[in-house]
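J.: Make a model of this:
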Amino acid sequence: MVELRVRLGSKGQVVIPKIFRETYGMYPRQEVMISEGENGVLIKKEDKDPLETLKKIRKEVEKKMKGKKIIINPHDIYEQYDKRAKRAGL
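T.: Residues are numbered from 1 along each chain as shown. Alright, predicted model coming up:
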């Protein structure tokens, strides 16, 4: 088990260390769940996968378009979002 000491900012905010973000697949602007536990506060990412959500949306749009295929790849959209977020410093 890894434990790291972090400091609360002036607004009570804390940065989740990179090692945890990478290990648990957290990305900028993602919503996380915070809950109270026996030994303190638990922060966990939502179980929703953004790529799966995009795939479901694509399927729904294709249904409404009467079976016409949409050429947009959800991985491409995620990569574009990731590049934009990095440029914005998020």
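J.: Can you pull up the most central residue in this protein?
T.: The chain has Gln30 as the residue nearest its centroid, 3.5 Å off, counting by C-alpha atoms, centre = their mean.
J.: Secondary structure element holding the residue nearest to Leu8 when sequence neighbours are not counted?
T.: Closest residue in space to Leu8, ignoring its immediate chain neighbours: Val14 at 5.6 Å, by C-beta to C-beta, 6 or more residues apart in numbering. C-beta here means a position set from N, CA and C on the backbone, and glycine is covered the same way. For Val14, there is no host helix or strand (DSSP states H and E).
J.: got a list of what Val14 touches?
T.: 6-8 (C-beta atoms under 8 Å, 6 or more residues apart in numbering).
J.: mind putting those in JSON lines, neighbour count and pLDDT included?
T.: Formatted as JSON lines, those follow (neighbours: other C-beta atoms under 10 Å; pLDDT from 0 to 100):
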{"residue": "Val6", "neighbour count": "9", "pLDDT": "92"}
{"residue": "Arg7", "neighbour count": "6", "pLDDT": "93"}
{"residue": "Leu8", "neighbour count": "9", "pLDDT": "93"}
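J.: I figured His75 hits Leu51, correct?
T.: Yes: using C-beta atoms under 8 Å, His75 makes contact with Leu51 at a distance of 6.7 Å.
J.: Now do the residue nearest to Leu8 against Tyr78, distance only.
T.: 26 Å (C-beta to C-beta, to the nearest Å).
J.: Now the phi/psi pair for Arg87, please.
T.: Backbone geometry at Arg87, expressed as degrees, to the nearest 10, gives phi -60, psi -30.
J.: burial count for it?
T.: For Arg87, the neighbour count with other C-beta atoms under 10 Å is 8.
J.: Name the nearest residue to Glu82, ignoring sequence neighbours.
T.: Heads up, residue 82 is Asp, not Glu. Asp82's closest residue in space is Tyr27 (C-beta to C-beta, 6+ apart), at 7.1 Å.
J.: Quick one: mean pLDDT over stretch 60-78.
T.: Averaged over stretch 60-78, pLDDT sits at 73.
J.: now the residue lying farthest from the centre of the chain, what's its secondary structure?
T.: Computed with C-alpha atoms, centre = their mean, the residue of the chain farthest from its C-alpha average is Lys66, at 31.2 Å. The three-state label given to Lys66 by DSSP: H, G, I helix; E, B strand; the rest coil is coil.
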